[in-house]
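In: From the sequence below, what's the structure:
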Amino acid sequence: MPASFPPPLLQRLTGAYSIKIETRDRPDAPLHRTTVWVAVDQATGAVYVRSVRGPRGNWYRRLLANPEGGMAVSEEHVEVKAVPATVDEITLVSDLFRRKYANDQHMLAIQRPEVLPATLQLVPRED
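Out: Reported below is the predicted structural model:
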């Protein structure tokens, strides 16, 4: 089981409407920041993000190529590693997004079948 984030951070992520995901094309390349939705599985403390553009999303492609990135919630920056979600996790994340973003007009866009595979779990980076 991967390492988990500290409970106070999980609480902030749960309450956050969105976070900034920080990616690079390669370790020495400039940093890109993209606003994304975030979901936390309360049972496990796992943190998930999904590209609304699916596999075509720039930040998603950068994290697949270079899985070490970061996230910013409020003013806190945390180093993360991206891990592709399993089929079961993808279903779970869809449920988490439906509950968290039920009243958002963009919720259906993040549930389209073609974007589902672009779901990642963020885990703390252990340098």
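
In: nearest spatial neighbour of residue 59, skipping sequence neighbours?
Out: residue 34 (4.2 Å; C-beta to C-beta, 6 or more residues apart in numbering). Every residue, glycine included, has its C-beta placed from N, CA and C.

In: Quick one: mean pLDDT for the longest strand seen in the chain?
Out: Secondary structure of the chain per DSSP state E: the longest strand is strand 76-84. Taken as a whole, strand 76-84 has a mean pLDDT of 95.

In: Sheet partners, orientation included, of that strand?
Out: strand 68-73 (antiparallel), strand 119-124 (antiparallel) (DSSP bridges).

In: what about residue 96, helix or strand, and which?
Out: Assessed by DSSP states H and E, residue 96 sits inside helix 87-100.

In: So which residue is smack in the middle of the chain?
Out: Nearest to the geometric centre of the chain sits residue 49, at 2.2 Å (C-alpha atoms, centre = their mean).

In: follow-up on the earlier one: go through the strands paired with strand 76-84 and name the closest to residue 91.
Out: Taking C-beta to C-beta, strand 119-124 is the member of these nearest to residue 91, at 9.6 Å.

In: Need the contact partners of that closest one.
Out: Applying C-beta atoms under 8 Å, 6 or more residues apart in numbering, the contact partners of strand 119-124 are 2-5, 46-50, 60, 63, 71, 78-85, 89-90, 93.

In: Please repeat the previous calculation with a cut-off of 6 Å.
Out: 2-3, 5, 46-50, 80-83, 85, 90, 93 (C-beta atoms under 6 Å, 6 or more residues apart in numbering).
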